[in-house]
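> I'll drop the sequence and a predicted model, then ask my questions.
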Amino acid sequence: MLSLLSTWITTISLIFGGCCSNAITLEQITLEHPNAGSVLTFFQFLLISLHGLPKFVIWTRFGPRFRPRRVPITNYLVQVVLFYLVSLLNNAAFAYRIPMAVHIIFRSGGLIISMLLGWLVSSKRYSRTQILSVLLVTAGVIITTLSASQSSSSSSNPINPYTYATGIGILTLALVFSGLLGLTQDWVYSKHGRPALTSSPNAKGTTIGSNAAPEGPPAWQESMFYLHFLALPMLLPLLPSLAAQMHELNTSGPRAEFSLPLPISLSSNMTTAYPLNILPPYSLPQLPIHFFSHSANVSLLSIAQSAPKMNETTSPLVISLSIPHIYLPLVLNTITQLLCVAGVHRLTTRVSALSVTLVLVVRKAVSLMISVVGVAQVGTAIRDGLYWVWQRACAATGLEESLSTVDWAFLGSLRVDLDAAISSLGVIFVGGPNEGKRRQEVDTRMMWTGATLVLLGTIGYTIGSRPRGVKEKEKIKGKTE
């Protein structure tokens, strides 16, 4: 019982904690750097690939090789291409001033695309409930899309209609590729078996409800790994764009400063033209040394020699870090993407499709409310809470409450600018102590109306998708009870 409860708590925490946090950090990054879509895609794919690599690589006497797969590698290739395009297009749409609220709701409106593709390609037939639900979702998506254009007409910084229409076109194309990805996955599952909702060993020790497969990680982990890992080479043509976006992230916005003195003290001055009077070509490098320079005296990483203290003849070397505040939401976005994807896949192997849809609908509603109403408040509360904890800790230990620079004696002479570090946690949401996050460029009433229609239509479509036998069994069960 405790094990089952722990599993469910972990799954729900991954979905709501990981996915909602991912949406918050994604919004902050795209508000400040709307062209950073390729960087986001690259780091997300890279982290998920590195996380799964140890699980799918085994060592033999001939060296490392990939673990035997449940699905042949050729059947993954089309899925990889479609998944890569969907991820890249969804992140690229932010460069065309698509508000986060519209982005969340629009991506939930792929039912009409899936229905059309299923009818045209797979000759599927749909019930009246499903058709009405899809029309409801489509109406909600249209209202939500118009909510941004209606709001921009009265905004001080209106959206260019052509730019906004281009962004909506990109999201629509991503929905089409997502629908094709769903059809491809259904075809692969029809050939190699769909992962079971539950797995339990029978008397012979084999697994019930799962397709015949080699031992190893679950099928959903295999799919998640190969969809991301095989897509990494496709990012090679984007290397110039990735370099330009990383340069923009590294050279813009506020920065947090950290310095770490090394336990190396030198009696010679290493800042002269020729340190230790050693002439070229054997001369030592002159300090300071800068890596990934931001300006003349500021860089991401630098090594310098501090001035000697009074009555001392030696001076230590110091490593300094100047980290842009935007790096924190970038790291958090990458990590929470892994948590979100893992949570959703864990959920799909434990409950029915209806339950999965209901949980994800609630999750998207929470993300939407945080995005529209509470992101700035959340960021301010986190920052103020960290300050409050620090002040109470200082009062309890007798330390000064100043947050400017703190000397951690137990770490030697490490000095950290805690004010910059703690402020950066608030900056990722609110932009600074006295600066509020820009409001969403949407008509709130139209946005909530569209969101409600999309959520109701999604639930109705999922209910209408259940097999007729399941519905009849539930009716019989209800009568007998």
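Noted; the coordinates are in hand. Numbers count the residues shown, from 1 in each chain.
> going forward, measure contacts and count neighbours with C-alpha atoms only.
Noted.
> Tell me what the residue nearest to Ser320 when sequence neighbours are not counted is bridged to.
If the residues on either side of it in the chain are set aside, Ser320 comes closest to Ser259, at 4.3 Å by C-alpha to C-alpha, 6 or more residues apart in numbering. Beta bridges link Ser259 to Ser320, Arg415 when assigned by DSSP bridges.
> Wait, Ser259 touches Val318, no?
Yes. Counting by C-alpha atoms under 8 Å, Ser259 does reach Val318; the two are 6.6 Å apart.
> about what we covered before: which per-residue confidence value corresponds to the residue nearest to Ser320?
At Ser259, the pLDDT value in this model is 75.
> start at 53 instead
Renumbered: residue one is now 53, and that last one reads Ser311.
> For it, grab the count of nearby residues.
Neighbours of Ser311 under the rule other C-alpha atoms under 10 Å: 18.
> Ala88 too?
23.
> right, and it touches Gln297 too?
Yes. Between Ala88 and Gln297 there is a contact at 5.9 Å, judged by C-alpha under 8 Å.
> Tell me where this protein has strands.
109-112, 115-118, 252-253, 259-260, 307-318, 341-345, 351-357, 367-376, 458-460, 466-468 (DSSP state E).
> weakest of these by average pLDDT?
Among those, strand 259-260 carries the lowest mean pLDDT (a mean of 42).
> any weak-confidence spans in the stretch 103-252 of the chain?
Under the criterion pLDDT under 70, the flagged ranges of the stretch 103-252 of the chain are 201-210, 245-252.
> pLDDT weak spots in the stretch 303-452 of the chain?
Using pLDDT under 70, the stretch 303-452 of the chain drops low at 315-340, 344-350, 358-367, 401, 403-407, 409, 424-439, 442, 450-452.
> which stretches of it form helices?
379-400, 405-421, 427-449 (DSSP state H, counting those that start in this stretch).
> now those helices as TSV including distance to Leu54 and mean neighbour count?
TSV is the format used below for these (distance: least, C-alpha to C-alpha, whole Å; neighbours: other C-alpha atoms under 10 Å):
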stretch	distance to Leu54	mean neighbour count
helix 379-400	18	20
helix 405-421	22	18
helix 427-449	32	16
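> Show me the one of these that comes nearest Tyr216.
helix 405-421 (20.0 Å; C-alpha to C-alpha).
> That closest one vs helix 379-400, what angle?
160 degrees (axes from the mean of the first three to the mean of the last three C-alpha atoms, to 10 degrees).
> quick one on the thing from earlier: between the helices of the stretch 303-452 of the chain, which one is nearest to Ile157?
Comparing these by C-alpha to C-alpha, helix 405-421 comes nearest, at 8.2 Å.
> which residues sit against that closest one?
Contact with helix 405-421 is made by 67-68, 71-72, 75-76, 153, 156, 399-400, 507, 510-511, 514-515, as judged by C-alpha atoms under 8 Å, 6 or more residues apart in numbering.
> separation between Pro270 and Ser419?
In this structure, Pro270 and Ser419 are 29 Å apart, going by C-alpha to C-alpha, to the nearest Å.
> ok, now which ones touch Gly234?
Here Gly234 is in contact with Ser166 (criterion: C-alpha under 8 Å, 6+ apart).
> What residues sit buried inside the longest helix seen in the chain?
Of all segments of type helix in the chain, defined using DSSP state H, the longest is helix 213-244. By neighbour count with 16 or more other C-alpha atoms under 10 Å, helix 213-244 contains the buried residues 216-220, 222-237, 240.
> Next: stretch 130-147.
130-147.
> So which of these belong to helices?
Filtering the buried residues of stretch 130-147 for helices - DSSP H - leaves 130-144.
> Return the closest of these with respect to Leu169.
Leu134 (14.7 Å).
> who are the neighbours in contact with that closest one?
The neighbourhood of Leu134, defined by C-alpha under 8 Å, 6+ apart, consists of 229-230, 232-233.
> And it, how close does it get to Gln297?
Distance from Leu134 to Gln297, by C-alpha to C-alpha: 24 Å.
> again, but for Thr303
10 Å.
> quick one: which of the contacts of helix 405-421 is most hemmed in?
Neighbour max across the contacts of helix 405-421 (other C-alpha under 10 Å) = Ala153, 27 neighbours.
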